[in-house]
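# following is a predicted model, sequence given first.
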Amino acid sequence: SERQSITGATGRTLQESVGINQSLFVLRKVIMSLAKQSRGASKLMVPYRESKLTILLRDAIGGSGYTLMLACISVLDSNWEENLSTLQYAC
């Protein structure tokens, strides 16, 4: 996830980062819905169609297989907020 104030992104780069962040947000919603269903919740609507990313990943994350999330973080102390956000997303 990029923060516009830190990166200083403008124009097309800013639009691309907004699109990426929206796709990641929808991916998290899909994963949360699937996790609730696996814990025995009644059939919830899984929002696959809200993002191109989740449409492409539908068979991989919605089937009977396992999905692994890999989180890349920085070793710099100045990036601790971004690292925390990344780890919270991955959990």
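Looks like it came in fine. Numbering: from 1, shown residues only.
# which helix or which strand is home to the residue most central in space within the chain?
The centroid of the chain falls nearest to Leu24 when counting by Cα atoms, centre = their mean (3.0 Å). Here Leu24 sits within helix 11-38, counting by DSSP states H and E.
# next, the buried residues of that helix.
For helix 11-38, a neighbour-count test (16 or more other Cβ atoms under 10 Å) marks 17, 23, 26-27, 29-31, 33-34 as buried. Quick note: C-beta positions are derived from backbone N, CA and C, even for glycine.
# just checking, what packs against whatever helix or strand comes next after that helix?
Sequence-wise, the next helix or strand downstream of helix 11-38 (DSSP H and E) is helix 52-62. Identification of packing neighbours for helix 52-62 by 3 or more Cβ pairs under 8 Å, 6 or more residues apart in numbering; DSSP states H and E yields helix 11-38.
# so for the helix it packs on, mean pLDDT?
Mean pLDDT, helix 11-38: 88.
# and it, what does it pack against?
On a contact count with 3+ Cβ pairs under 8 Å, 6+ apart, helix 11-38 meets helix 4-7, helix 52-62.
# Leu84: which of these is closest?
Leu84 sits nearest to helix 4-7 of all those, at 14.3 Å, using Cβ to Cβ.
# helices or strands up against the closest one?
Using 3+ Cβ pairs under 8 Å, 6+ apart, helix 4-7 sits against helix 11-38.
# how deep is the nearest residue to Arg58 once chain neighbours are set aside tucked in, by neighbour count?
Distances taken as Cβ to Cβ, 6 or more residues apart in numbering put Tyr48 closest to Arg58, at 4.8 Å, once the chain neighbours are dropped. Other residues within reach of Tyr48, judged by other Cβ atoms under 10 Å, total 21.
# which residues does Tyr48 contact?
Counting by Cβ atoms under 8 Å, 6 or more residues apart in numbering, Tyr48 makes contact with 30, 54-55, 58, 62.
# again, but for Asn79
Asn79 touches Ile73, counting by Cβ under 8 Å, 6+ apart.
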